[in-house]
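A.B. asks: Any chance you can model this:
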Amino acid sequence: MLIKQVIEVFDLLDSARASGESVQSYLQSKGAADITVKRIQGGAHSTDFIKIVVPGKNGKTAGGSAPTFGVVGRLGAIGARPEVTGYVSDGDGALCALSVASKLIDMKAKGDELEGDVILCTQICPNAPTQPHEPVPFMGSPVDMATMNREEVDGAMEAILSIDTTKGNNVINVNGFAISQTVKEGYILRYSSDVLDVMQRTTGKAPHTFGVSVQDITPYGNDLYHLNSILQPSIATNAPVIGVALTTELPVAGCATGASHFVDVEETARFVLEVAKAFCDGKCRFYDEAEFQSIVKKYGKMNHLQTMGVGAE
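C.D. replies: Down below sits the predicted model:
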């Protein structure tokens with residue numbers, strides 16, 4: 001379980017003074033060594049991007065061959081101060097990713113190393129603006145999506161789970177979390193049966209899923225509607241990406257406070273951890289490689305969907 005980790009990380013993030021440095025100090029106290037914090041200014045606001053690399057016993061950083069797993073905690077910000085007081089629902093992507101990082105570091109210190117490396121990236125901003133969106137407002141961000149992808153999507157990641165609060169819609173109507181199909185190089189592929197199996201095992205329930213539209217896997221800023229930013233990491237990589245959406249039965253604004261559910265965050269973090277274990281062991285496929293090659297051979301490449309489109313500069 002990740003009960004302790006979620007409580008400790010939430011305590012750090014639920015603060016007007018939350019920062020990448022405070023999270024870095026916390027993780028280092030658990031035994032982490034490879035942590036990078038980078039502050040980027042965007043107008044009147046700034047955000048701290050944080051990257052944590054947890055080496056595996058047979059990972060690439062140790063000269064081994066085990067696959068490298070990526071976790072992206074996607075969000076606009078953890079707070080909308082001074083407009084809103086306190087931690088906002090949108091912050092759960094960071095809360096979940098950082099809780100997984102804390103658990104992995106603790107496991108390694110206790111002798112339970114994963115086979116491969118795990119790279120976890122997110123951002124920490126306690127005071128960002130909100131922005132209009134239907135059916136409820138979204139959290140804004142001090143930086144644009146291209147900057148987020150540049151800082152959070154590492155080229156060493158061979159598969160990515162992108163965790164994002166996805167409550168501001170009428171599409172997903174369950175409390176808990178749901179996963180998307182695999183997205184790779186502009187293609188929306190079928191759901192990963194291996195990942196669904198992990199979800200079923202960790203929740204003890206039938207898996208919840210959500211559908212992805214073509215618009216969702218195109219870049220922000222192209223004047224098309226996006227469910228939210230959950231699949232935006234797929235724009236910046238050729239690695240397979242699966243969205244992990246923290247969800248509710250009814251629409252909840254990303255800038256709402258008091259709207260984070262401990263049980264849902266812990267369950268999501270536990271699922272992410274188990275996928276990381278299985279992937280690094282070579283026991284969890286995000287997609288069928290032979291089938292993907294067959295699709296590309298029959299229908300061509302779809303990488304243009306990772307760009308701003310025809311005529312865009």
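A.B. asks: pull the CA atoms of stretch 127-143 into PDB?
C.D. replies: Once non-C-alpha atoms are left out, stretch 127-143 reads as follows in PDB (Å, rounded to 0.1, in the frame of the first residue of the first chain):
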ATOM      1  CA  ASN A 127      -0.300  29.600  -7.500                       C
ATOM      2  CA  ALA A 128      -1.500  29.500 -11.100                       C
ATOM      3  CA  PRO A 129      -4.400  31.100 -13.000                       C
ATOM      4  CA  THR A 130      -7.600  29.300 -13.900                       C
ATOM      5  CA  GLN A 131      -8.900  29.100 -17.500                       C
ATOM      6  CA  PRO A 132     -12.400  28.700 -19.000                       C
ATOM      7  CA  HIS A 133     -13.400  25.200 -20.200                       C
ATOM      8  CA  GLU A 134     -16.700  23.300 -20.700                       C
ATOM      9  CA  PRO A 135     -18.400  21.900 -18.700                       C
ATOM     10  CA  VAL A 136     -16.300  23.300 -15.800                       C
ATOM     11  CA  PRO A 137     -13.200  25.500 -15.500                       C
ATOM     12  CA  PHE A 138      -9.700  24.100 -15.900                       C
ATOM     13  CA  MET A 139      -6.500  25.000 -14.000                       C
ATOM     14  CA  GLY A 140      -4.100  27.100 -16.100                       C
ATOM     15  CA  SER A 141      -0.400  26.900 -16.000                       C
ATOM     16  CA  PRO A 142       2.600  29.300 -16.000                       C
ATOM     17  CA  VAL A 143       4.100  27.400 -19.000                       C
END
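A.B. asks: List of residues touching it?
C.D. replies: For stretch 127-143, the surrounding residues in contact (C-beta atoms under 8 Å, 6 or more residues apart in numbering) are 16, 40-43, 45-47, 75-77, 79-84, 88, 90, 123, 125, 148, 168-170, 228, 251-256. From N, CA and C alone the C-beta is placed, and that goes for glycine too.
A.B. asks: Give the ChimeraX command for selecting the buried subset of the residues you listed.
C.D. replies: Applying 16 or more other C-beta atoms under 10 Å to the contacts of stretch 127-143 leaves a buried subset, and the ChimeraX line that selects it is:
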select :40,45,47,75,76,77,79,80,81,84,88,90,123,125,148,168,169,228,251,252,253,254,255,256
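A.B. asks: mind listing the strands in this structure by residue range?
C.D. replies: Under the criterion DSSP state E, strands of the chain are mapped to 34-42, 45-54, 69-74, 118-124, 130-131, 138-139, 159-165, 176-184, 187-188, 241-247.
A.B. asks: what about the helices in the stretch 151-300 of the chain?
C.D. replies: 193-203, 262-280, 289-299 (DSSP state H, counting those that start in this stretch).
A.B. asks: and these, which is most packed in?
C.D. replies: Comparing the helices of the stretch 151-300 of the chain on average neighbours per residue, with mean count of other C-beta atoms under 10 Å, the densest one is helix 262-280 at a mean of 23.
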